[in-house]
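Peer 1: model this:
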Amino acid sequence: MSDGGQGVAMSRRGWFDAVHKWAATAAAVVALALSLYNWTELQQPPRLDMTLPHLMRIGPAGKGVLIYFQPTVSTRFKAQDVEVITDARLRLAPAGSISSVKSPEFYWQGNGVPTFDFESNEIRIEWSGDPAPFIVSQDKPQQPMFQFQDDTWSFQPGRYEGSVELSRSGNREPLTERFCLIISKRAVDEMRRGDARGIYFFRNDLPKFTSSSKYSHCYVRETD
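Peer 2: Numbers count the residues shown, from 1 in each chain. Okay, the predicted model is just below:
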């Protein structure tokens, strides 16, 4: 090979070596940046989401009312810490024509699980756990069926504005989701005449109601 040819070959080799070193350095920098990003993300407190179900269950509780709510509590992000939900609250405020009616004072009575009673051909809610803190992480979403109870209050026909609030550990802001509930006179009469252990379904996704602005995706008795 001539001196000129050797020079060209060495020049190309030097160029390839430089490109290789630059590519390796760039890859190392990117890997370091990703590691730092992942480490930073892991240090962040868990970011939780709460999604309300399409179904609300309501039943009598002596002279009072039980409401069963089963939201999904989850996080899409991995974090070093887990999140602890320490308390759950349900609030209902009469609205519109019944805004002067006293608001109920619900408390978290416990957790339940639906079971089918073959003798009565009905769904019953059985006790499944005490009102206790629970853990939420990316690989452990939760769907507790909360039982909220007021011992002396009863429904009046009308519209109610409500919310479910979950308290979080570490003085973090609570998770809150709002909803509305519309109870017709027919539904109130049905619940008052019904079985002492009866469960009545209210949904917020029934096509016959979601198409009307009056209901605005409120929970409505499915037989109305």
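Peer 1: CA only for contacts and neighbour counts going forward, please
Peer 2: Will do.
Peer 1: any idea how the protein splits into domains?
Peer 2: 1-43, 49-221 (automatic domain parsing).
Peer 1: would you turn the ones you listed into JSON lines with mean neighbour count and mean pLDDT?
Peer 2: Converted to JSON lines, the domains of the chain look like this (neighbours: other CA atoms under 10 Å; pLDDT from 0 to 100):
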{"stretch": "domain 1-43", "mean neighbour count": "12", "mean pLDDT": "54"}
{"stretch": "domain 49-221", "mean neighbour count": "17", "mean pLDDT": "90"}
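Peer 1: quickly list what the residue nearest to the spatial centre of the chain is bridged to.
Peer 2: Central residue of the chain (CA atoms, centre = their mean): residue 50, 2.2 Å from the mean position. Note on residue 50: beta-bridge partners residue 73, judged by DSSP bridges.
Peer 1: do the same with residue 183
Peer 2: Beta-bridge partners of residue 183, counted by DSSP bridges, are residue 158.
Peer 1: cool, residue 166 as well?
Peer 2: Beta-bridge partners of residue 166, as defined by DSSP bridges: residue 88, residue 175.
Peer 1: list the contacts for it?
Peer 2: Taking CA atoms under 8 Å, 6 or more residues apart in numbering, we find residue 166 in contact with 85, 86, 87, 88, 89, 174, 175, 176.
Peer 1: now render those as CSV, adding distance to residue 54.
Peer 2: Below are these laid out as CSV (distance: CA to CA, whole Å):
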residue, distance to residue 54
85, 22
86, 24
87, 22
88, 19
89, 18
174, 22
175, 18
176, 16
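Peer 1: what about the strands in this protein?
Peer 2: Taking DSSP state E as the criterion, the chain contains strands spanning 49-51, 55-61, 64-69, 72-74, 83-95, 107-117, 122-129, 134-136, 146-150, 158-168, 175-183, 200-203, 219-221.
Peer 1: off-centre distance for the first one?
Peer 2: For strand 49-51, the separation from the chain centroid amounts to 3 Å (computed by CA atoms, centre = their mean, to the nearest Å).
Peer 1: so what's residue 177 up against?
Peer 2: 50, 51, 52, 163, 164, 165.
Peer 1: dump these to TSV, plus distance to residue 216.
Peer 2: Putting the contacts of residue 177 into TSV (distance: CA to CA, whole Å) gives the following:
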residue	distance to residue 216
50	20
51	17
52	15
163	16
164	18
165	21
